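Undergrad: Take a look and give me a structure for this.
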Amino acid sequence: MIPGADRYGVELDISPTDIDDALSVEPGDVSAASELSYARNVFIPVTTACKYNCGYCTYVDAPGEASLLSPDEIRGIVERGARAGCTEALFTFGDEPDGRYEAIYSQLSEWGYDSFHDYLAEACEIALEAGLLPHSNPGDQTADQMASIQDLNASMGVMLETTAELPAHAGPRGKSPGQRLATIRAAGELSIPFTTGILVGIGESWRDRAISLLAIRELHARYGHVQEVIVQPVSPNERWSKPAPALEIMRRAVSMARAVLPASISVQVPPNLAPVEELLDCGIDDLGGVSPVTSDHINPDYAWPAVRELESIAVGAGVPLRERLPVYRQYLEWVSPRIRDAIDADTSAGARYRSVLAD
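TA: Next comes the predicted model:
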């Protein structure tokens with residue numbers, strides 16, 4: 001049913017009845033959340049090199065043009081974030097680049113790192129020293145790669161995007177839904193608090209959306225590790241000229257996510273990419289990570305809202321707005337001793353983490 005799933009050993013049992021039930025969901029079938037949450041983060045685009053070439057993505061740069069942040073650059077970003085009261089260091093990568101990115105690999109070697117994950121571990125160390133909790137999104141990963149950075153991350157994530165094979169993901173450097181699902185499964189096997197999600201408007205059908213959400217639900221049912229699912233509209237940019245999905249499509253997609261997923265999983269829509277005020281009655285309970293010091297490097301044309309704007313959204317909805325850490329409260333017992341020590345530390349950063357948890 002899901003392309004590539006067998007190749008990566010991902011077995012899912014999604015019934016036609018479950019699909020039909022998901023497809024029947026309308027906005028009136030769900031309720032608005034009783035509160036909203038958000039996180040303060042810094043967005044750190046460690047490298048724009050990527051093995052994929054998705055039709056809607058402006059993040060990736062070609063070999064010879066791709067950037068790689070130095071340790072000093074990373075340190076400067078996280079220190080600015082810590083001074084601004086952030087708690088999360090959001091590390092983004094293109095998926096592990098192929099051999100065409102010779103300059104990037106040469107630079108890593110010159111700095112003394114054998115792989116991207118070795119370098120990501122160093123980046124996480126820098127963030128922890130500065131007073132931020134790492135949340136890494138380095139794309140598809142093996143279990144060994146995830147295990148190598150697990151102790152240094154409060155949580156991790158990868159967007160499933162879709163379980164369908166689409167033209168936007170086609171070609172010799174195309175994505176495999178099966179490999180994405182294998183990454184989500186590996187996170188569950190390792191007990192990593194995890195964020196994933198779907199992209200809306202990249203050519204997928206309603207049935208594809210239903211299957212994608214049901215796949216996430218089934219993997220969570222096995223491992224209990226999915227803390228948040230993002231329902232993200234694709235946004236027009238210099239590479240993607242098609243319009244963003246209409247409001248009614250987003251309302252139905254968000255409602256489907258809320259109805260399909262267990263209540264313990266938060267549903268987020270990025271507030272810089274969609275009119276969240278018009279989606280709140282569809283079950284959103286999280287407004288994502290927003291940054292007072294960095295831009296959204298994945299969607300650079302769409303600025304983050306200020307925290308006061310999130311507060312206005314919550315006031316308009318008549319619900320409280322609560323700040324959160326990158327790891328959701330119910331997963332604090334899953335974090336490594338290194339992360340637990342950072343939260344408990346008698347430091348200004350530790351005090352900041354605890355004040356967020358006490359809110």
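Undergrad: Does Arg352 lie in a helix or a strand, and which?
TA: helix 348-358 (DSSP states H and E).
Undergrad: Check which helices and strands that helix sits against.
TA: Helix 348-358 is packed against helix 337-344, with contacts defined by 3 or more Cβ pairs under 8 Å, 6 or more residues apart in numbering; DSSP states H and E. (Glycine included, C-beta is placed from N, CA and C.)
Undergrad: still on that earlier bit, could you list the buried residues of the helix holding Arg352?
TA: Buried residues in helix 348-358, counted by 16 or more other Cβ atoms under 10 Å: Ala349, Arg352, Tyr353, Val356.
Undergrad: got the angle for that helix vs helix 337-344?
TA: Helix 348-358 and helix 337-344 are oriented at 80 degrees to each other (axes from the mean of the first three to the mean of the last three Cα atoms, to 10 degrees).
Undergrad: what ranges do the strands span in the stretch 201-350 of the chain?
TA: In the stretch 201-350 of the chain, the segments counted as strands under DSSP state E, counting those that start in this stretch are 226-233, 266-268, 286-290, 321-323.
Undergrad: then the longest one to PDB, C-alphas only?
TA: Backbone C-alpha positions of strand 226-233 (Å, rounded to 0.1, in the frame of the first residue of the first chain) are rendered in PDB as follows:
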ATOM      1  CA  VAL A 226       5.000  10.800  18.700                       C
ATOM      2  CA  GLN A 227       4.500  14.000  20.700                       C
ATOM      3  CA  GLU A 228       3.300  16.200  17.900                       C
ATOM      4  CA  VAL A 229       2.000  16.100  14.300                       C
ATOM      5  CA  ILE A 230       2.400  19.100  12.000                       C
ATOM      6  CA  VAL A 231      -0.200  19.800   9.300                       C
ATOM      7  CA  GLN A 232       1.800  22.100   7.000                       C
ATOM      8  CA  PRO A 233       0.600  23.700   3.800                       C
END
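Undergrad: Show me what that strand packs onto, helices and strands only.
TA: Under the contact criterion of 3+ Cβ pairs under 8 Å, 6+ apart, strand 226-233 touches strand 194-200, helix 206-223, helix 247-260, strand 266-268.
Undergrad: Show me what the third one is packed up against.
TA: The one in question is helix 247-260. Against helix 247-260 (3+ Cβ pairs under 8 Å, 6+ apart) you get helix 16-23, strand 194-200, helix 206-223, strand 226-233, strand 266-268.
Undergrad: Next, format the ones you listed as a markdown table and append distance to Asp95.
TA: What follows is the helices and strands packed on helix 247-260, written out as a markdown table (distance: least, Cβ to Cβ, whole Å):
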| stretch | distance to Asp95 |
| --- | --- |
| helix 16-23 | 28 |
| strand 194-200 | 15 |
| helix 206-223 | 18 |
| strand 226-233 | 17 |
| strand 266-268 | 22 |
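Undergrad: out of those, nearest to Gln150?
TA: Distance to Gln150, taken as Cβ to Cβ, is lowest for strand 194-200 among these, at 11.2 Å.
Undergrad: What is that closest one packed up against?
TA: Judged by 3+ Cβ pairs under 8 Å, 6+ apart, strand 194-200 is in contact with strand 155-157, helix 177-189, helix 206-223, strand 226-233, helix 247-260.
Undergrad: Could you list the low-confidence segments of the stretch 251-359 of the chain?
TA: For the stretch 251-359 of the chain, the stretches with pLDDT under 70 are 294-305.
Undergrad: how does it look with 80?
TA: Residue ranges of the stretch 251-359 of the chain with pLDDT under 80: 291-306.
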